[in-house]
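Engineer: Pasting a predicted model and its sequence here:
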Amino acid sequence: MSSRKFKLSKYASLLFNTALLAGVFTLPAVMAQTGSREKDDLQNKMEIIKSEMEKPDSSPEWQNMYNRLIGRFSDCGPIGQFIKKIDSGDPLAPAAPSLCINGTLAVSDPDYNRVLASSGGTGIGTGAVGNCSLSGTATAANHDNYSFNLSGCAAFPTEVTATLCGPAGCQHLGNVDTMMTLYRNVPAGDPLTANGGLPAVFNPASPCTNARAAQDDLGTTAGTTNNPGGSTCNQAVGANCVAPCTSPSNAGGLSGFRRQLGNGRFTIVVAGFSNTTVGSYNLYLNAPAAGCIIALAPSAASASIGGRIRNAAGSGIRNAIITISGASLAEPRSVRSSSFGYYTFENLQAGETYTLSIGAKRFTFASSAQVVTLNDNVADADFISEQ
């Protein structure tokens, strides 16, 4: 009986504090009267709510309180003011030591059951390898995912920072309460520091597969590594933590981490903490070591296969029928070669294996089929006739 009273008392206290924040004060007024200690206290109260939301038996009231509070968690008023369309231009940004990617979490984005964050180790589950688990409340969190290649560094592994609280030119666009997860798959060795990396490693239907590092909130206090909900830093080594996002000082809901990475392919997922989280952000990727290059890779649905159909003399064959089939296609697709013999299949799934077959009147081919594993765009899947 006494334990039940204690539990009710604890919850009553949390409900009172939350109601005080969400129903009475507006954050701009509070910020005008408080110093950094009070601002950190507000962040900690937010983390308490988030911790309660993550529990399997969480009450819907925690979600309601979260929604009310996050709407006031900005110096600029309701979070809806941050929702705006950003024209990001060509999604395949040029190679550079760092990238700034404009993104928006919107209700129209794909959703998934996101992973849980921890406040230590890998940042996933309890921090132990293979201990990933899924959120019991963020079961339909909107997300964006970006694949990138890391290359050229003088030595590997090398330090790479990924943060939504970037420097001048890539500043945050508002306090969008996010969760960031890094995915990678390599044939052997440490998943983060080995060289290589396969494309299409993030599967929203199985979010724990290939999940290697995660981070919830940067927080507002430097050096705080174990706040409730995995706030501030999930790194095993505190010295590798990304600095808190202090401008404005209430932008602690943004995510970021720093890791030692090998060369090759990675995928980073930016997701909302809650099913209702929306808003715009800047994702800053930086590899500062000499010679490093970070370049966005084709998205999972933007890779292509093409080639040319030629006769024995090297001239193009027109109107040849090329058919493609694969596990990611609901049914085979066919195209005809152009007047110069060229063909292309667009919007294919990177990382998948496809079979191409050829048919043409009056022509026979020594090999009428090809198997292509699509790790990147393919432009030389040619067929040459015997006559």
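Structural biologist: In hand now; what should we look at? Residues are numbered from 1 along each chain as shown.

Engineer: so Glu61 sits in a helix?
Structural biologist: Yes. When DSSP: H, G, I helix; E, B strand; the rest coil is applied, Glu61 is found to be in a helix.

Engineer: and it, how many neighbours?
Structural biologist: By other C-beta atoms under 10 Å, 12 other residues sit near Glu61. Backbone N, C-alpha and C define where each C-beta goes, glycine included.

Engineer: any idea how far Ala140 is from it?
Structural biologist: Applying C-beta to C-beta, to the nearest Å, the value for Glu61 to Ala140 is 19 Å.

Engineer: show me what contacts the spatially most central residue of the chain?
Structural biologist: Centroid-nearest residue in the chain, with C-alpha atoms, centre = their mean: Val269, separated by 0.9 Å. Residues near Val269 by C-beta atoms under 8 Å, 6 or more residues apart in numbering: His143, Asp144, Asn145, Met180, Thr181, Leu182, Tyr183, Phe202.

Engineer: can you redo those residues as a markdown table with pLDDT?
Structural biologist: Listed next are the contacts of Val269 as a markdown table, based on pLDDT from 0 to 100:
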| residue | pLDDT |
| --- | --- |
| His143 | 93 |
| Asp144 | 92 |
| Asn145 | 90 |
| Met180 | 92 |
| Thr181 | 94 |
| Leu182 | 94 |
| Tyr183 | 95 |
| Phe202 | 87 |
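
Engineer: Which one of the residues you listed sits in the busiest neighbourhood?
Structural biologist: Thr181 (28 neighbours).

Engineer: Tell me how far it lies from Val371.
Structural biologist: 32 Å.

Engineer: count of residues packed around the closest residue to Ala188 other than its chain neighbours?
Structural biologist: Residue nearest to Ala188 in three dimensions, not counting chain neighbours: Ala194, with 6.7 Å by C-beta to C-beta, 6 or more residues apart in numbering. Neighbour count of Ala194, defined by other C-beta under 10 Å: 18.

Engineer: Could you do the one 5 residues further on as well?
Structural biologist: Under the neighbour criterion other C-beta under 10 Å, Pro199 is assigned a count of 25.

Engineer: Assumed Asn347 was part of a helix.
Structural biologist: No. Applying three-state DSSP, one finds Asn347 to be strand, outside a helix.

Engineer: burial of it, as a residue count?
Structural biologist: Applying other C-beta under 10 Å, we find 10 residues neighbouring Asn347.

Engineer: The residue nearest to the centre of the chain is in what secondary structure piece?
Structural biologist: In this assignment (DSSP states H and E), Val269 forms part of strand 264-272.

Engineer: ok, back up a step: mind listing what the residue nearest to Ala188 touches?
Structural biologist: Going by C-beta under 8 Å, 6+ apart, Ala194 touches Val186, Ala188, Gly262.

Engineer: same for the top strand by length along the chain, what does it pack against?
Structural biologist: Ordering each strand of the chain by length in residues (DSSP state E) puts strand 141-151 first. When contacts are defined as 3 or more C-beta pairs under 8 Å, 6 or more residues apart in numbering; DSSP states H and E, strand 141-151 sits against strand 98-105, strand 111-112, strand 264-272, strand 293-296.
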